[in-house]
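1. coordinates only, sequence not included:
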């Protein structure tokens with residue numbers, strides 16, 4: 001299927017913003033470029049929710065900033081802990097504000113967006129440790145959030161989806177229940193060899209070279225570390241017993257095939273999986289729903305799938 005026309009119309013501009021060499025560029029420059037790109041796809045008026053609060057939760061190296069979105073309807077609600085994308089280097093609470101606001105509204109859930117420490121200043125395991133600490137805190141103090149202990153989920157996009165997948169595995173190992181995990185175009189295997197890395201190597205916002213640089217800055221080059229389940233969740237010894245998964249991939253994304261491979265591995269382990277490869281879309285489409293009707297439809301479907309797994313009447 002051809003590239004979505006609405007995305008094609010802005011792709012040259014987006015590629016120009018993200019063409020800065022990653023390994024040799026000041027991370028603050030990269031972060032500002034990401035903020036500029038997010039601003040080009042933002043809504044004129046933010047999605048209305050009940051309330052938004054910037055605060056922090058305890059972490060292993062000090063407080064971890066979080067932004068809590070609460071739905072307009074009062075009373076108990078599901079809770080979703082969300083980890084933003086950005087290659088473990090860029091991205092923040094603001095770059096994904098439109099994504100998390102809509103998630104709060106569409107799912108009727110309390111959304112706790114986590115701003116974890118980022119590489120290269122804080123490589124693995126710092127982002128994972130911050131996300132784990134934040135999710136444990138929410139689970140242990142659920143009455144302060146959605147107040148439904150059996151309706152807690154994790155979610156994320158790209159690097160954030162990698163972190164969500166790893167947190168889901170850790171929660172399983174700790175016998176902590178999760179109702180669902182939403183993984184949008186996740187990075188699941190640092191050292192795998194997948195056709196989409198070649199087919200979509202350049203021209204679609206995220207490049208294969210970008211992936212190599214980001215993974216190097218996050219987890220280095222030691223295969224023993226890169227192939228651990230805490231870095232490459234697809235390589236876990238067992239995927240059995242994990243929370244139901246909603247996995248989204250995009251046709252023109254170099255990460256497409258490892259996301260699909262993770263979905264298949266989960267199915268092989270008898271985990272409930274909803275998976276959709278969205279034709280015509282590219283990496284990062286969660287942020288593109290204001291620009292693209294196709295991205296908007298994809299986000300609508302993904303959030304509906306998550307909402308169904310958080311439904312307290314089921």
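-> Cool, got the structure. Here the structure is a predicted model, which means the values were calculated and not measured.

2. need the longest helix for the chain.
-> Within the chain, and with DSSP state H defining each element, the longest helix by residue count is helix 293-310.

3. so where do the helices sit in the stretch 51-200 of the chain?
-> For the stretch 51-200 of the chain, the helices defined by DSSP state H, counting those that start in this stretch cover 97-107, 126-140, 159-173, 195-199.

4. residue 229: which of these is closest?
-> When these are ranked by proximity to residue 229, the top entry is helix 159-173, at 6.1 Å, counting by CB to CB. Heads up, the C-betas are built off the backbone N, CA and C, glycines and all.

5. run the angle between that closest one and helix 97-107 for me.
-> Per axes from the mean of the first three to the mean of the last three CA atoms, to 10 degrees, the angle that helix 159-173 makes with helix 97-107 is 50 degrees.

6. got the buried residues for helix 159-173?
-> By neighbour count, with 16 or more other CB atoms under 10 Å as the criterion, the buried positions of helix 159-173 are 159-172.

7. may I see those residues organised as a markdown table, with distance to residue 234 and pLDDT added?
-> Formatted as a markdown table, these follow (distance: CB to CB, whole Å; pLDDT from 0 to 100):
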| residue | distance to residue 234 | pLDDT |
| --- | --- | --- |
| 159 | 15 | 98 |
| 160 | 16 | 98 |
| 161 | 12 | 99 |
| 162 | 10 | 99 |
| 163 | 14 | 99 |
| 164 | 14 | 99 |
| 165 | 9 | 99 |
| 166 | 11 | 98 |
| 167 | 15 | 98 |
| 168 | 13 | 98 |
| 169 | 11 | 98 |
| 170 | 15 | 98 |
| 171 | 17 | 98 |
| 172 | 15 | 98 |
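
8. residue 31 and residue 90 touch, don't they?
-> Yes - with contact taken as CB atoms under 8 Å, residue 31 and residue 90 are classed as touching, separated by 4.7 Å.

9. what helices or strands is whatever helix or strand residue 224 lives in leaning on?
-> In this assignment (DSSP states H and E), residue 224 forms part of helix 223-226. Helices and strands in packing contact with helix 223-226 are listed as helix 208-219; criterion 3 or more CB pairs under 8 Å, 6 or more residues apart in numbering; DSSP states H and E.

10. that older thread, what comes up buried for the helix holding residue 224?
-> Within helix 223-226, the residues that qualify as buried are residue 226, counting by 16+ other CB under 10 Å.

11. so what touches the helix or strand following that helix?
-> Along the chain past helix 223-226, the next helix or strand (assigned with DSSP H and E) turns out to be strand 245-252. Applying CB atoms under 8 Å, 6 or more residues apart in numbering, the set of residues contacting strand 245-252 from outside is 1, 3, 168, 180-186, 200, 204, 255-257, 259-260, 262-263, 266, 271-283, 285, 298, 302, 305-306, 309.

12. narrow those residues to just the buried residues.
-> The neighbour-count criterion (16+ other CB under 10 Å) marks 3, 168, 180-186, 200, 204, 255-257, 259-260, 262-263, 266, 271, 273-275, 277-278, 280-283, 285, 298, 302, 305-306, 309 among the contacts of strand 245-252 as buried.

13. how about low-confidence regions in the stretch 51-200 of the chain?
-> Within the stretch 51-200 of the chain, no range satisfies pLDDT under 70.

14. try the stretch 201-314 of the chain
-> 312-314.

15. out of the helices of the stretch 51-200 of the chain, which is closest to residue 8?
-> Sorting the helices of the stretch 51-200 of the chain by CB to CB, the top spot, which is the nearest, belongs to helix 195-199 at 17.1 Å.

16. quick one: buried residues of the closest one?
-> When burial is assessed from 16+ other CB under 10 Å, helix 195-199 yields the following buried residues: 196, 197.

17. gap between it and the chain center?
-> In terms of CA atoms, centre = their mean, to the nearest Å, the gap separating the centre of helix 195-199 from the centre of its chain is 21 Å.
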